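Q: Below: sequence and its predicted model.
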Amino acid sequence: MQLLVSGVICLICAFIFEHPTPQAIFAAIIPILYAGICSDGIAYTLQIIGQQTTDPTVASIIMSLESVFAALGGWIILSESLSAIELLGCGLVFTAVILAQVPDFIDSAKQKKLEN
(Lines give C-alpha, C1' and ligand atoms only; values in the text may rest on other atoms or scores of the structure.)
Protein backbone atom coordinates (compact mmCIF):
# COMPACT_ATOMS: atom_id res chain seq x y z
CA MET A 1 0.00 0.00 0.00
CA GLN A 2 2.84 2.35 0.91
CA LEU A 3 4.56 1.77 -2.45
CA LEU A 4 1.31 2.34 -4.33
CA VAL A 5 0.59 5.64 -2.56
CA SER A 6 4.18 6.78 -3.02
CA GLY A 7 4.07 5.89 -6.71
CA VAL A 8 0.83 7.80 -7.30
CA ILE A 9 2.15 10.89 -5.49
CA CYS A 10 5.40 10.77 -7.47
CA LEU A 11 3.50 10.34 -10.73
CA ILE A 12 1.35 13.38 -9.97
CA CYS A 13 4.43 15.42 -9.03
CA ALA A 14 6.21 14.31 -12.21
CA PHE A 15 3.43 15.73 -14.37
CA ILE A 16 3.27 18.93 -12.31
CA PHE A 17 6.98 19.73 -12.03
CA GLU A 18 8.46 17.93 -15.04
CA HIS A 19 7.50 17.26 -18.61
CA PRO A 20 7.82 13.51 -19.15
CA THR A 21 7.59 12.23 -22.70
CA PRO A 22 7.10 8.65 -23.84
CA GLN A 23 10.56 8.76 -25.45
CA ALA A 24 12.21 9.85 -22.19
CA ILE A 25 10.37 7.17 -20.23
CA PHE A 26 11.38 4.50 -22.77
CA ALA A 27 15.01 5.69 -22.69
CA ALA A 28 15.04 5.26 -18.90
CA ILE A 29 13.15 1.95 -18.83
CA ILE A 30 16.04 -0.10 -17.37
CA PRO A 31 16.56 2.13 -14.30
CA ILE A 32 12.78 2.43 -13.86
CA LEU A 33 12.28 -1.35 -13.94
CA TYR A 34 15.30 -1.89 -11.71
CA ALA A 35 13.93 0.52 -9.11
CA GLY A 36 10.44 -0.91 -9.30
CA ILE A 37 11.21 -4.61 -9.39
CA CYS A 38 14.53 -5.05 -7.61
CA SER A 39 14.51 -2.22 -5.11
CA ASP A 40 10.84 -2.18 -4.18
CA GLY A 41 9.53 -5.63 -5.00
CA ILE A 42 12.43 -7.89 -4.10
CA ALA A 43 14.46 -5.87 -1.60
CA TYR A 44 11.59 -4.79 0.65
CA THR A 45 10.14 -8.31 0.67
CA LEU A 46 13.50 -9.80 1.66
CA GLN A 47 13.96 -7.02 4.23
CA ILE A 48 10.70 -7.93 5.95
CA ILE A 49 11.56 -11.63 5.95
CA GLY A 50 15.09 -10.98 7.22
CA GLN A 51 14.03 -8.66 10.03
CA GLN A 52 11.84 -11.34 11.56
CA THR A 53 14.85 -13.38 12.68
CA THR A 54 17.63 -10.79 12.88
CA ASP A 55 18.99 -9.21 16.03
CA PRO A 56 17.66 -5.62 16.27
CA THR A 57 21.17 -4.15 16.48
CA VAL A 58 22.31 -5.93 13.34
CA ALA A 59 19.09 -4.97 11.54
CA SER A 60 19.60 -1.31 12.42
CA ILE A 61 23.16 -1.41 11.09
CA ILE A 62 22.02 -2.93 7.82
CA MET A 63 19.14 -0.49 7.42
CA SER A 64 21.35 2.49 8.23
CA LEU A 65 23.57 1.50 5.33
CA GLU A 66 20.77 1.65 2.76
CA SER A 67 22.24 4.70 1.02
CA VAL A 68 25.66 3.07 0.77
CA PHE A 69 24.17 -0.13 -0.69
CA ALA A 70 22.09 1.93 -3.14
CA ALA A 71 25.12 3.84 -4.40
CA LEU A 72 27.27 0.73 -4.69
CA GLY A 73 24.44 -1.23 -6.32
CA GLY A 74 24.00 1.49 -8.94
CA TRP A 75 27.74 1.47 -9.50
CA ILE A 76 27.99 -2.31 -9.88
CA ILE A 77 24.65 -3.28 -11.44
CA LEU A 78 23.77 -0.20 -13.50
CA SER A 79 27.37 0.76 -14.37
CA GLU A 80 26.84 4.23 -12.94
CA SER A 81 30.04 6.11 -12.28
CA LEU A 82 31.05 7.23 -8.82
CA SER A 83 33.74 9.81 -8.32
CA ALA A 84 36.45 9.43 -5.70
CA ILE A 85 34.56 11.90 -3.49
CA GLU A 86 31.37 9.82 -3.76
CA LEU A 87 33.25 6.64 -2.91
CA LEU A 88 34.85 8.43 0.02
CA GLY A 89 31.36 9.53 1.09
CA CYS A 90 30.20 5.90 1.06
CA GLY A 91 33.17 4.98 3.21
CA LEU A 92 32.47 7.80 5.66
CA VAL A 93 28.79 6.88 5.96
CA PHE A 94 29.72 3.23 6.46
CA THR A 95 32.24 4.14 9.16
CA ALA A 96 29.84 6.52 10.92
CA VAL A 97 27.03 3.95 10.97
CA ILE A 98 29.29 1.24 12.35
CA LEU A 99 30.73 3.54 15.03
CA ALA A 100 27.26 4.69 16.05
CA GLN A 101 26.07 1.10 16.48
CA VAL A 102 29.09 -0.35 18.29
CA PRO A 103 27.92 0.57 21.85
CA ASP A 104 24.49 -1.00 21.23
CA PHE A 105 26.11 -4.09 19.73
CA ILE A 106 28.38 -4.46 22.77
CA ASP A 107 25.47 -4.00 25.20
CA SER A 108 23.40 -6.57 23.30
CA ALA A 109 26.25 -9.09 23.37
CA LYS A 110 26.74 -8.57 27.13
CA GLN A 111 23.02 -9.04 27.75
CA LYS A 112 22.99 -12.28 25.78
CA LYS A 113 25.94 -13.60 27.80
CA LEU A 114 24.12 -12.78 31.05
CA GLU A 115 21.00 -14.62 29.84
CA ASN A 116 23.02 -17.75 29.03
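A: That came in fine, so what should we check first? Numbering: from 1, shown residues only.
Q: Show me what secondary structure element comes after the worst-scoring helix or strand of the chain on mean pLDDT.
A: Every helix and strand of the chain was ranked by mean pLDDT, DSSP states H and E. The lowest is helix 56-64, at a mean of 78. Using DSSP states H and E, the helix or strand that follows helix 56-64 in sequence is helix 66-77.
Q: ok so, going back, how far does the least confident helix or strand of the chain sit from its chain's centre?
A: A distance of 12 Å separates the C-alpha centroid of helix 56-64 from that of its chain, computed with C-alpha atoms, centre = their mean, to the nearest Å.
Q: Report the contact partners of Phe17.
A: By C-beta atoms under 8 Å, 6 or more residues apart in numbering, the contact set of Phe17 is empty. From N, CA and C alone the C-beta is placed, and that goes for glycine too.
Q: Sorry, slip of the keys, the one I care about is Trp75.
A: Contacts of Trp75 by C-beta under 8 Å, 6+ apart are 81-82.
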